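Student: let's see this in three dimensions:
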Amino acid sequence: MILIICSCNASRFLPDDQALVKKVRLDSVDKEFSETAMTYVQSDVRPNSRLNLALYNTFNTKNGRYRTDRIKAIGEPPHILDSSLVEISRVQIEKFLATKGFFKAEVKSDIKIENKKAEITFTARQGPEFKVSEINYEIADSAVEALYQSKRADFTRMHAGKRFDADSLAYEREQVYRLMKQNGYYDYVRQFVRFDVDSNQNNSTAKVTMYLASPADKPSHQVYTIDNSLITIRNSNALTDSLVKDTITVDSQYNFVDHSGKFKAKPISRYIFIKKGELYNIDKEDLTYDRLYDLNVFRNVKIDYAKTSDSSARLQPRYDIVPLKRMSNRIEGEYTFNSGRNGFNVGNTYTNRNLFSGAELLEIKAKYGVLFDAAAGGPLLDRIFSRDLQLGVNVVLPKLLVPFRIPVMGKNGIPHTTISSSLQFFDQKTAFSSRVFINSITYDWVETKYKLHTLTPINIEFRKGKLNPVFRDSLRQRGYELYVRTNDRAFFNLGSQYAYALNTIKLNTFGNFIYFRGALDVAGNTLGLLDKVLNFPRDTTGARTVMGLPYQQYVKTEIDVRFYRSLGGERQFIFRLNPGVGAPWGNSEQLTFEKNFFAGGSSGVRAWQARTLGPGNYNRASLGTGGKADTLRANLRNLDQLGEYKLEGNLEYRFKIANNILNAKVKGATFIDFGNVWRKPSSSSQIENPGGDFQFSKFLGQLAVGTGVGLRFDLNYFVFRLDAGIKVKDPQFTGSDQYVIKYLFNKSDFKARYKITNYPDVYRFVQYNFGIGMPF
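Tutor: Model (predicted):
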């Protein structure tokens with residue numbers, strides 16, 4: 001049995017001769033088919049979405065009745081019982097069961113009305129299940145019959161002895177269509193295949209015959225080969241074409257006519273897979289469409305074919321292409337607020353989609369962010385907690401730019417070479433400033449449509465960190481010498497990075513699959529080898545230097561693995577694990593601030609703000625009490641809760657709430673998050689983060705746990721997300737006090753005690769996270 005209920009109270013607004021559909025029930029249908037059978041109930045006699053109906057009632061009722069004038073299209077109007085729609089639904093369910101092999105199925109409907117609320121029940125008597133007794137084929141064209149019989153086993157779902165299913169017949173028709181279109185049969189259409197099903201037998205069986213006809217005026221189907229191609233690139237306004245046009249022929253088969261005068265033919269032809277002399281193949285046509293759009297320089301691509309005037313059965317592909325506007329500019333802004341701090345980020349991105357006339361992409365980005373401390377007094381500028389300015393330039397080429405010959409890639413996705421340069425200026429008031437300059441070259445290529453590789457063979461970084469002198473002295477007084485040496489100096493870094501991702505293309509689907517991403521970041525190895533030959537000079541701390549700067553040497557890896565399970569419809573369960581390890585070695589005693597892991601945030605353990613969780617059992621109360629300790633705690637904010645080890649995990653259930661609320665599909669989520677970061681055990685970690693070391697015997701006691709709910713507003717072109725995370729178990733405390741959720745509804749005393757030991761930190765049981773896109 002399957003049941004749909006609307007627990008709403010809108011019937012009071014209806015006239016006495018109308019009834020609101022409150023409940024629809026389907027009885028005596030196999031579980032395998034019940035959910036699909038329910039979709040044949042007409043939408044206007046299904047129970048309303050409670051939220052949508054409440055919105056409609058709010059804006060469209062007056063004096064206890066629904067308005068008949070000035071109706072506002074907000075929410076969803078009430079679904080009124082209509083017996084004709086109930087009958088249509090009954091017939092459709094009956095027909096559906098017949099398509100599943102229950103040819104003698106009967107469905108009855110029953111309507112009960114009470115207090116202007118209607119309950120509809122559909123009861124089915126499925127009858128016997130018909131099985132396929134035999135399958136026959138009538139194919140007029142012998143060449144087509146040979147092709148079909150040679151490939152049939154690879155795709156067919158029609159088998160004698162199995163339950164009859166009309167979907168398998170439709171699938172067979174579609175696969176025959178693809179097979180013919182893959183083998184030169186350009187004129188073939190689906191209507192050439194029809195099926196005859198004989199179920200008039202006494203033993204609950206059905207005999208299936210498939211007919212594949214030839215064209216009415218021909219004894220057989222024609223096979224076509226590809227001739228020369230004509231590629232016409234129009235002006236971006238798609239209204240008028242320039243009288244001046246560039247014309248060129250590539251590979252003796254591609255005739256380019258460029259009215260825009262902005263494209264080189266060779267880079268475009270690299271991603272045209274319809275080749276002269278080959279049989280027409282719809283797969284290569286689809287692949288060409290995909291890759292030309294993937295270049296991200298064309299607004300519209302249309303491929304037609306002209307038949308040659310002779311009897312050679314050749315096709316001349318004709319491409320009609322309209323480019324996108326070459327240049328664009330995007331301004332973005334956001335407001336942030338967390339744990340007593342609020343601020344804004346504003347950014348600008350300039351894009352040139354066709355820099356060198358070969359679909360190269362130029363991006364120039366600038367972003368500026370300010371975070372204010374609400375607890376600070378004085379003028380606005382004095383309340384600034386941190387400032388962050390980021391500048392970047394990316395040049396993306398639609399090929400792998402390497403100094404040796406490689407085969408043309410692009411069948412599964414367009415490869416890219418990204419040359420980038422970025423500069424960051426970060427300042428945290430009275431504590432820390434950082435200047436980071438990064439230059440890199442990155443290659444990404446698609447092994448299959450599910451497997452993506454990203455390799456950065458050269459990543460050159462220059463970093464200059466500076467601690468506020470007063471802050472630095474206070475750290476040294478507490479024994480934080482290694483922290484000072486690592487973060488209050490300039491570094492040079494020469495490294496490489498590699499990442500592998502599996503099933504990224506499936507992330508917006510509702511199927512069952514595993515997503516995996518692994519990343520490796522190594523630095524200093526090449527310089528370490530050169531040092532053995534060249535014997536680089538040392539600085540005063542004994543670190544080896546290049547151009548007067550010590551270089552970093554470390555290995556860092558991170559894994560993101562997720563298990564997606566469909567629960568039917570748009571319901572889905574996701575389990576995610578995100579571990580990471582970083583290890584300084586050789587020329588580095590400790591990872592710098594930027595290379596450490598942090599926990600919390602909108603994509604991690606969502607009940608904690610980013611960089612406010614951990615490491616381990618570390619409690620910032622260990623910094624002491626009093627004026628100096630409070631100042632140190634304020635200056636170390638976001639700087640001391642990092643680690644070389646990381647583990648975060650998430651369990652999330654996603655479901656649909658409503659199809660249309662203010663033009664957005666609304667989805668919900670409930671989740672449980674857990675995790676933390678840890679320090680590598682050392683004498684410095686025991687000083688800087690007491691209780692923050694990773695110890696397997698204390699592992700469970702060092703895990704943070706949060707839970708919460710979220711809303712996702714899907715506007716098609718982006719998803720706006722709001723999550724509320726609630727702290728359940730906080731590892732900074734000990735014993736039963738870790739389960740802070742018990743203080744949620746009696747939190748005044750708890751927060752008062754916390755303020756005494758951890759001032760100026762404020763304890764928040766609930767963390768709100770706003771974001772664009774899904775958390776993972």
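Student: spatially central, which residue of the chain would that be?
Tutor: Nearest to the geometric centre of the chain sits Leu507, at 5.1 Å (Cα atoms, centre = their mean).
Student: could you check how far the residue of the chain most remote from its centre is from Val132?
Tutor: The centre of the chain is farthest from one residue, Asn202, which by Cα atoms, centre = their mean lies 53.0 Å away. As defined by Cβ to Cβ, to the nearest Å, Asn202 lies at a distance of 16 Å from Val132. The way it works is simple: take the backbone N, C-alpha and C, and place the C-beta from them, glycine included.
Student: same question for Arg178.
Tutor: Counting by Cβ to Cβ, the gap from Arg178 to Val132 is 23 Å.
Student: so for these two, which sits in the more crowded spot?
Tutor: Under the criterion of other Cβ atoms under 10 Å, the comparison of Arg178 against Val132 puts Val132 first, with 20 against 14.
Student: what helices and strands are in contact with the helix or strand where the more buried one lies?
Tutor: Element membership of Val132, judged by DSSP states H and E, is strand 131-139. Under the contact criterion of 3 or more Cβ pairs under 8 Å, 6 or more residues apart in numbering; DSSP states H and E, strand 131-139 touches helix 142-155, strand 205-212.
Student: and with 6 Å instead?
Tutor: Here strand 131-139 touches strand 205-212, going by 3 or more Cβ pairs under 6 Å, 6 or more residues apart in numbering; DSSP states H and E.
Student: what angle do the strand it packs on and strand 131-139 make?
Tutor: Orientation check (axes from the mean of the first three to the mean of the last three Cα atoms, to 10 degrees): strand 205-212 against strand 131-139 gives 20 degrees.
Student: contact partners for Glu138?
Tutor: Residues in contact with Glu138 (Cβ atoms under 6 Å, 6 or more residues apart in numbering) are Tyr211.
Student: test for you: state the pLDDT assigned to it.
Tutor: Glu138 is assigned 96 on the pLDDT scale.
Student: which SS class is Phe471?
Tutor: Under DSSP: H, G, I helix; E, B strand; the rest coil, Phe471 falls in the helix class.
Student: okay, now it: neighbour count?
Tutor: Neighbour tally, Phe471, other Cβ under 10 Å: 21.
Student: you'd agree it is up against Ser433?
Tutor: No. Phe471 is beyond contact range of Ser433, at 10.7 Å (criterion: Cβ atoms under 6 Å).
Student: residue ranges with poor pLDDT in this protein?
Tutor: Residue ranges of the chain with pLDDT under 70: 1-11, 68-74, 237-245, 336-340.
Student: so which residues of it form helices?
Tutor: 31-38, 50-59, 83-99, 142-155, 166-182, 265-269, 282-294, 469-477, 481-487, 525-534, 627-635, 683-688, 748-758 (DSSP state H).
Student: name the residues of stretch 83-99 that are buried.
Tutor: Burial within stretch 83-99, assessed by neighbour count using 16 or more other Cβ atoms under 10 Å, is assigned to Leu85, Val86, Ser89, Arg90, Gln92, Ile93, Glu94, Phe96, Leu97, Ala98, Thr99.
Student: what's the nearest residue to the third one if we skip its chain neighbours?
Tutor: Computed as Cβ to Cβ, 6 or more residues apart in numbering, the closest residue to Ser89 that is not its neighbour in sequence is Val41, at 4.5 Å.
Student: and the one you found, how close does it get to Arg157?
Tutor: Distance from Val41 to Arg157, counting by Cβ to Cβ: 27 Å.
Student: look at those two and report which has more neighbours.
Tutor: A direct count of neighbours by other Cβ under 10 Å for Val41 and Arg157 places Val41 higher, at 23 against 13.
Student: that one reaches Val91, doesn't it?
Tutor: No. In this structure, Val41 is not within contact of Val91 by Cβ under 6 Å, at 11.4 Å.
Student: still on that earlier bit, now the helices of the chain in CSV, with distance to Ile419?
Tutor: Compiled in CSV, the helices of the chain are given as follows (distance: least, Cβ to Cβ, whole Å):
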stretch, distance to Ile419
helix 31-38, 51
helix 50-59, 49
helix 83-99, 56
helix 142-155, 44
helix 166-182, 39
helix 265-269, 17
helix 282-294, 19
helix 469-477, 37
helix 481-487, 29
helix 525-534, 20
helix 627-635, 38
helix 683-688, 38
helix 748-758, 46
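Student: of those, which is nearest Phe720?
Tutor: helix 50-59 (16.7 Å; Cβ to Cβ).
Student: so which bits of that closest one are buried?
Tutor: Neighbour-count burial for helix 50-59 flags Arg50, Asn52, Leu53, Leu55, Tyr56, Asn57 (criterion: 16+ other Cβ under 10 Å).
Student: shouldn't the fifth one be in contact with Gly75?
Tutor: Yes. At 3.3 Å, Tyr56 and Gly75 qualify as touching, with contact defined as Cβ under 6 Å.
Student: find the residue closest to Ser622 in space, skipping its chain neighbours.
Tutor: Pro690 is the one closest to Ser622 (Cβ to Cβ, 6+ apart), at 4.8 Å.
Student: quick one, phi/psi of that neighbour?
Tutor: phi -60, psi 130 (degrees, to the nearest 10).
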